[in-house]
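[1] Sharing a sequence plus its predicted fold:
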Amino acid sequence: MITFEKVSKLYPHGVVALKDVTVTIESGEFVSIVGQSGTGKTTMAKLVIAEEQPTSGRVIIGDWDITHISHKDVPLLRRQIGVVFQDFKLLPQKTLFENVAFALEVSGAEHRKIQEIVPQVLKIVGLEHKQQRFPREVSGGEQQRIVIARALVHRPKILLADEPTGNLDAINANEIIELLLKINSFGTTVVLVTHNREIVNGLRKRVLVLDHGHLVSDQATGKYRL
Amino acid sequence: MMLLQTTRALRFALQNAKRNLWLSIVTTIIIAVAVFSISLVSALNVIGHQALQSVEQRVDVTVELKADTTEDQGQALVSRVKALPQVAAVTYTSKTAALDAFKQTHKDDANIQQLLSQLTDNPLPASITIKAQHIGDFDSIVKFLNQDENAKIVADSTRDFKDSQLVIDRLTNITNRVRDIGVAVSSVFALLSLIVVINTIRIAIYTHREEIGIMRLVGASDNFIRLPFILESLMYSLIGAGIAAVAMIMLWQGASPALHQFFFKDTTVGVAGLLGSNFWSVIGLQFIGALVLSTMSAFVATRRYLKV
């Protein structure tokens, strides 16, 4: 599903974000990518959604080699991957319903389909009763649940969550992880980028450990270790 | 698909304008003020141009004919002068008409009336009064009058036009300078307004820069993101240009009687004529200008934030 072949990413002034990373994530897996700040976790996530391009190596999503993806094709890729960000990235001038609907509108979905799907997804994340509120009118946990709803709305095969619990308290963080597990149980590949030890240890799923841009550990039922 | 995307873009544009009401109002007002400034300066420029034209129309030169010139010779000269492309109008004043006019002018002056009654012969010469198309044309008209056939009947004292020439030269200088200043001031104002409109739209879009990035991250194409911003900018520009046009029409209608009285009384040019022709083309041009400018500004401004 996601393949990194000897991927390196260098930033200006000799900053090494990733070095020769080779890894394959299979369809339906739940994988956590862990490591301290600045070890290349977010760079890996950015490479998956083509927000960055590798300096060397190849990144393949499904059968699609996105190493040198064109600017025009990037939206097509992103419509197939649901992304959850630490800072939510909700559109502040749109209601919760409109934020979720937006992800469908960009792909040209019909109005009727949107009116049918969005309430269903809002129900999954438990926010159907707050759909007409704006992001500033709900809590951080609720905002993150809306982000997950937006990521799910076009039924992606991959859900990429970059530090989804970083801005949340323990209760809300656990709720978000429960939601991700539920989504994974429906067959969606979930990639969780985090540095939260408790969450990773509690999951008992595959763990990739990054250290200074190198992949130092890949365990099928791993624990957070550095 | 195209229709669906356009409808969505229009809905997003209206939603954005409504939900950022203050920014929308401020943007529209700034654009209205900028467009109004251009209108006002353009209008002043046109008025100035027309005022100069009216001054030029009031300038004429009277050429006295020699005492022995017959009426036929005088009329023939009038025909020849009239045929010149530089000449706007020529009127012939016969000796008798000149005397009648003189009597009429001095009808209350007893001394002059007494002197006139003692005359046995009409001492006043016949004359022709020439109006040129442009003030600078008098030079070539004078040259024509100095040609052999004409020089025979034009009085020597008036043929060199030195005094008239001096006045005409000064007037030509002043009018040319006023025109140049008008064009320069209009150009500066147009440029300033252009910068103001472009930057106002850029700032309006700058406030949405994070949203543009988010839209890209959730899979929106460049055009899908851009179109609502272009439509929104277009809306501000057209409403702004509309407000400026209404303000300009009100001002124009309020001021035109006074302007007419001041500048164009007794002339063939005037404010009413301007209102019919130039005015609407200026307003139309402003709408087209606003349309092109806002589309381009929005297009360029969004491009910066689409590189995600």
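    Yes, it's here. Worth saying up front: this structure is predicted, and the values here are computed from it rather than measured. Numbers count the residues shown, from 1 in each chain, chains lettered A, B, ... in the order given.

[2] Flag every residue of chain A that's near chain B.
    For chain A, the contact set with chain B under C-beta under 8 Å from any C-beta of the partner chain comprises A:49, A:51, A:71-72, A:74-79, A:83, A:85, A:89-94, A:102-103, A:105-108, A:110, A:150. To be clear about C-beta, it is placed using only N, CA and C from the backbone, and glycine gets the same treatment.

[3] ChimeraX command to pick out the buried ones of those residues?
    Remark: buried members of those, expressed as a ChimeraX selection using 16 or more other C-beta atoms under 10 Å in any protein chain shown:
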select /A:49,51,74,75,77,78,79,83,85,89,90,91,93,94,102,103,105,106,107,150
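
[4] Out of the residues of chain A next to chain B, list just those in helices.
    A:V74, A:P75, A:L76, A:L77, A:R78, A:F102, A:A103, A:E105, A:R150 (DSSP state H).

[5] In the chain, which residue is most central in space?
    No chain in the question, so chain A it is. A:L160 (1.8 Å; C-alpha atoms, centre = their mean).

[6] actually chain B
    B:V46 (1.8 Å).

[7] can you give me the helices in chain B?
    Going by DSSP H, chain B shows helices at B:2-19, B:21-58, B:71-82, B:95-105, B:110-118, B:138-145, B:148-151, B:156-159, B:162-206, B:209-217, B:222-259, B:271-276, B:278-305.

[8] ranking the ones you listed by mean pLDDT, which is last?
    Comparing mean pLDDT across the helices of chain B, the weakest is helix B:271-276, with a mean of 56.

[9] For A:V31, list the residues it contacts.
    A:I25, A:T189, A:V190, A:V191, A:L192, A:K205, A:R206, A:V207, A:L208 (C-beta atoms under 8 Å, 6 or more residues apart in numbering or on different chains).

[10] Can you name the two of those residues that sit furthest apart?
    Across the contacts of A:V31, no pair lies farther apart than A:T189 and A:V207, at 15.2 Å, counting by C-beta to C-beta.

[11] and A:L77, what pLDDT?
    Reported pLDDT for A:L77: 92.

[12] Phi, psi for A:Q93 please.
    Reported as degrees, to the nearest 10, the phi and psi values for A:Q93 are phi -90, psi 0.

[13] ok, and the closest non-adjacent residue to it?
    B:R19 (4.7 Å; C-beta to C-beta, 6 or more residues apart in numbering or on different chains).

[14] Quickly note the distance from that neighbour to A:F134.
    9 Å (C-beta to C-beta, to the nearest Å).

[15] May I ask you to confirm that B:I112 is in contact with B:H106?
    Yes. Between B:I112 and B:H106 a contact is recorded at 4.3 Å, counting by C-beta atoms under 8 Å.

[16] how about the lowest-mean-pLDDT helix or strand in chain A: buried residues?
    Using mean pLDDT, DSSP states H and E, helix A:197-203 stands out as the lowest-scoring helix or strand of chain A, at a mean of 86. Residues of helix A:197-203 classed as buried: A:I199, A:V200, A:L203 (neighbour count, 16+ other C-beta under 10 Å).

[17] Pretty sure the last one sits against A:S32.
    To tie it back to what came earlier, the one meant is A:L203. Yes. Here A:L203 lies in contact with A:S32, judged by C-beta under 8 Å, at a distance of 6.4 Å.

[18] which residues are in contact with both of those two?
    Joint contacts of A:L203 and A:S32 (C-beta under 8 Å, 6+ apart) are A:L192.

[19] what does the helix or strand hosting A:R145 contact?
    Per DSSP states H and E: A:R145 is located in helix A:140-152. Contacts to helix A:140-152, defined as C-beta under 8 Å, 6+ apart, come from residues A:82-85, A:88-90, A:96, A:99-100, A:102-103, A:121-122, A:124-127, A:130, A:135, A:138, A:159, A:161, A:164-165, A:167-169, A:171-172, A:175-176, A:179-180, A:183, A:188, B:218.

[20] Just the buried ones from those, in PyMOL syntax?
    In PyMOL, this line selects whichever of the contacts of helix A:140-152 come out buried by 16+ other C-beta under 10 Å:
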select buried, (chain A and resi 82+83+84+85+88+89+90+96+99+100+102+103+121+122+124+125+127+130+135+138+159+161+164+165+167+168+172+175+176+179+180+183+188) or (chain B and resi 218)
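
[21] and B:D169, what is it in contact with?
    No contacts exist for B:D169 under C-beta under 8 Å, 6+ apart.

[22] Please report how far it lies from chain A.
    65 Å (C-beta to the nearest C-beta, to the nearest Å).

[23] The nearest residue to B:S193 once chain neighbours are set aside and chain A: what is the separation?
    Excluding its sequence neighbours, the residue lying closest to B:S193 (C-beta to C-beta, 6+ apart) is B:A34, at 4.0 Å. Counting by C-beta to the nearest C-beta, the separation of B:A34 from chain A is 26 Å.
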